[in-house]
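*Asks:* got a predicted model here, sequence first, then my questions.
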Protein chains: 2
Amino acid sequence: MSGNDRPEGQPTQTSHAVAGAAADKTSSPFLRACRREPVPHTPVWFMRQAGRSLPEYRKVREDIAMLDSCMRPDLVAEITLQPVRRHKVDAAIYFSDIVVPLKAIGVDLDIKPGVGPVVEKPIRTRADLERLRPLDPEDVSYVTEAVGILTRELGATPLIGFAGAPFTLASYLVEGGPSKNHERTKALMYGDPELWADLLDRLADITAAFLKVQIEAGANAVQLFDSWVGALAPDDYRRSVQPASRKVFGAVAGYGVPRIHFGVGTGELLGLMGEAGADVVGADWRVPVDEAARRVGPGKAIQGNLDPAVLFAPREAVERQAAHILQAARGLEGHIFNLGHGVLPDTDPQALTDLVAYVHEHSAR
Amino acid sequence: MSGNDRPEGQPTQTSHAVAGAAADKTSSPFLRACRREPVPHTPVWFMRQAGRSLPEYRKVREDIAMLDSCMRPDLVAEITLQPVRRHKVDAAIYFSDIVVPLKAIGVDLDIKPGVGPVVEKPIRTRADLERLRPLDPEDVSYVTEAVGILTRELGATPLIGFAGAPFTLASYLVEGGPSKNHERTKALMYGDPELWADLLDRLADITAAFLKVQIEAGANAVQLFDSWVGALAPDDYRRSVQPASRKVFGAVAGYGVPRIHFGVGTGELLGLMGEAGADVVGADWRVPVDEAARRVGPGKAIQGNLDPAVLFAPREAVERQAAHILQAARGLEGHIFNLGHGVLPDTDPQALTDLVAYVHEHSAR
């Protein structure tokens, strides 16, 4: 991470290389866009770019359970690198799962194929909170090791650290698994605001500790995923969620790495999610990126927002939609091209590779 | 349906009665609110009020498949009446399923318990369109019969007719069943706009015919449910969906019954959904009702918007949230209290009964 000594607007030779140790990540298009500095081209990465859409991922995951794969540094590094090699994306995202830090502190949970995380004993009373002890870096030494490998292997390509946000973690813990309507979570949130606040506060500390481990090991940015928070109205978010998310962002502010925040269906919450302390706010496809920027306000970059379902349409249709986004982003200070949600498992990987090339070519300054 | 000859602001004796034939539905609080006229109290009904939350529903549905129950006039009438009897809601909603008109024209589909509608051969090519023949009123004579029974039994309580909107029907037909991400639907919409438009146009005609049957048999209002349309961005809605929804609303405009339009997660689309021809626009809980009214613009009533998950919280919490909604609706010309989505199956029915009483009491003029 040396200084920023190349002229602006000139792409680095190594910006997509998966090799070299002392490469200049700091002036990569991705980190420049996060800081709202001029870029040679709009950087691109995809949420869930490492995963089931890639045959090389399905191959290495064969016979290895999801949570086991998250605890093997060699496998985490390989899976994280796969989409960088294949698609030439501008950033890698640390391969993990939202529940990994909970598993690491001893919560009895598993990820069931076709279902998602299932928590043996849901958390619903004050006594249950005791099971949420603080996260010690030693609990996730495999993360430190994997990030170390990645920092070397990624060369000039930056690595984004990954964590689930307190609300989304709380929903898994309270419901006992994935939930469409979050009834029990909301019943607790509305019915016992004090217990709710204490639950989210503990989760904020765990999440912050998990992100710190990644940053201290070399992650160049972090993304806090609040997958389910779009289920809340703005007043509820402000009162019941924002304090915990703000605590997470505040805890990692001192490192100076860009902090990204995203949740699907959060059109009404974009301003509040930025306020929580994000430097970059992700928007899904329901809100055009220029309107998202207006809602988020000045001083923050915008990430997004191609509908991942569009990738199932013919190439010309994908390019037409991508062109609309680049057009809408033209006046923005900082824009990172991404999907408006994670890559869908049945996506043709070639469609993603083509999209990266299209965005690079059509945004070149 | 005699004139409106009682002084404003005075509740009718019979407004909740489930009896009497020539009762005055026209001046019911529900229809008055739809027309943005003064009301004695804010009218309340609940999407999916007839259904699995009620033990009396589970009892009559025992051993009867969903689609079979929709084709038995006696059962439809009984199920439609159950929540009116129990909760004293201000309107009944015709018990049916979104796919009933498709089944009626011979589409090979079934509703699988725990899954939803499953279409044997999905519609994906121009040749497939031939399977969508126009709906003849004779195809749904059981609807005419059931509405006839209901019109007599409901007394002064109005009956809302029910239909799924073209986009949502198209999603079931193209995907072959319920879909989280609507990949194939969107691939067709973006990839073959002409075929897409023709598909939605046929569905608009079928939907309009289905609503006409209900209105001609005596339904006092209609609600067009576009369950999944919140998956679209505004530009896509305007170009690819609004023309078909507008055709449906236009086809029933001459009857003079209020036309309600709703889809979950449609905060960005509220204005466009009103423009499509609705007299009343339903909002989910993510957008406060006063903000929803601002987006919809003048001349239309607003329906909503308590988060159905709130009903799992203690009674005081439910009442606090209901009070917020009544407060936000205070300046609106027309407001119909409802949930922001359908009643969840595990809802305690008493919570719904209590909520109706609370809204009536706390909105009495």
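*Replies:* Done, it's in. Residues are numbered from 1 along each chain as shown, chains lettered A, B, ... in the order given.

*Asks:* residue contacts, A:Val281?
*Replies:* By C-beta atoms under 8 Å, 6 or more residues apart in numbering or on different chains, the residues touching A:Val281 are A:Ile260, A:His261, A:Phe262, A:Leu270, A:Met273, A:Gly274, A:Ala292, A:Val296, A:Lys300, A:Ala301, A:Ile302, A:Gln303. In this view, the C-beta of every residue, glycine as well, is placed from N, C-alpha and C.

*Asks:* and the helix or strand harbouring the last one, what does it pack against?
*Replies:* If I follow you right, that is A:Gln303. For A:Gln303, the host element (DSSP states H and E) is strand A:301-306. Judged by 3 or more C-beta pairs under 8 Å, 6 or more residues apart in numbering or on different chains; DSSP states H and E, strand A:301-306 is in contact with strand A:280-282, helix A:289-296, helix A:315-328, strand A:335-339.

*Asks:* closest to B:Val318 out of the ones you listed?
*Replies:* Among the helices and strands packed on strand A:301-306, helix A:289-296 comes nearest to B:Val318, with 30.0 Å by C-beta to C-beta.

*Asks:* hmm, that closest one touching chain B?
*Replies:* No - Helix A:289-296 stays clear of chain B (C-beta under 8 Å from any C-beta of the partner chain), getting no nearer than 8.7 Å.

*Asks:* strands of chain A, start to end?
*Replies:* Secondary structure of chain A (DSSP state E): strands at A:92-93, A:109-112, A:116-119, A:159-164, A:221-225, A:259-262, A:280-282, A:301-306, A:335-339.

*Asks:* select, out of those strands, the one closest to A:Leu31.
*Replies:* A:Leu31 lies closest to strand A:221-225 among these, at 6.8 Å (C-beta to C-beta).

*Asks:* now do that closest one, average pLDDT.
*Replies:* Averaging pLDDT along strand A:221-225 yields 98.

*Asks:* wait, A:Asn305 touches A:Gly340, no?
*Replies:* Yes - assessed by C-beta atoms under 8 Å, A:Asn305 is found in contact with A:Gly340 at 4.1 Å.

*Asks:* got any residues that touch both of these two?
*Replies:* With C-beta under 8 Å, 6+ apart, A:Asn305 and A:Gly340 have common neighbours A:Ala283, A:Asp284, A:Trp285.

*Asks:* keep only those residues that also lie close to chain B.
*Replies:* Restricting these to those touching chain B (C-beta under 8 Å from any C-beta) yields A:Trp285.

*Asks:* could you dump the shared contacts of A:Asn305 and A:Gly340 into CSV and include pLDDT and distance to A:Gly114?
*Replies:* What follows is the shared contacts of A:Asn305 and A:Gly340, written out as CSV (pLDDT from 0 to 100; distance: C-beta to C-beta, whole Å):
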residue, pLDDT, distance to A:Gly114
A:Ala283, 98, 29
A:Asp284, 97, 24
A:Trp285, 98, 26
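
*Asks:* nearest to A:Leu109, of the shared contacts of A:Asn305 and A:Gly340?
*Replies:* Distances from A:Leu109 to the shared contacts of A:Asn305 and A:Gly340, taken by C-beta to C-beta, are shortest for A:Asp284, at 27.0 Å.

*Asks:* B:Gln321 versus the nearest residue to A:Glu56 once chain neighbours are set aside, what's the distance?
*Replies:* Nearest residue to A:Glu56, sequence neighbours excluded (C-beta to C-beta, 6 or more residues apart in numbering or on different chains): A:Gln82, at 5.2 Å. According to C-beta to C-beta, to the nearest Å, A:Gln82 and B:Gln321 sit 46 Å apart.
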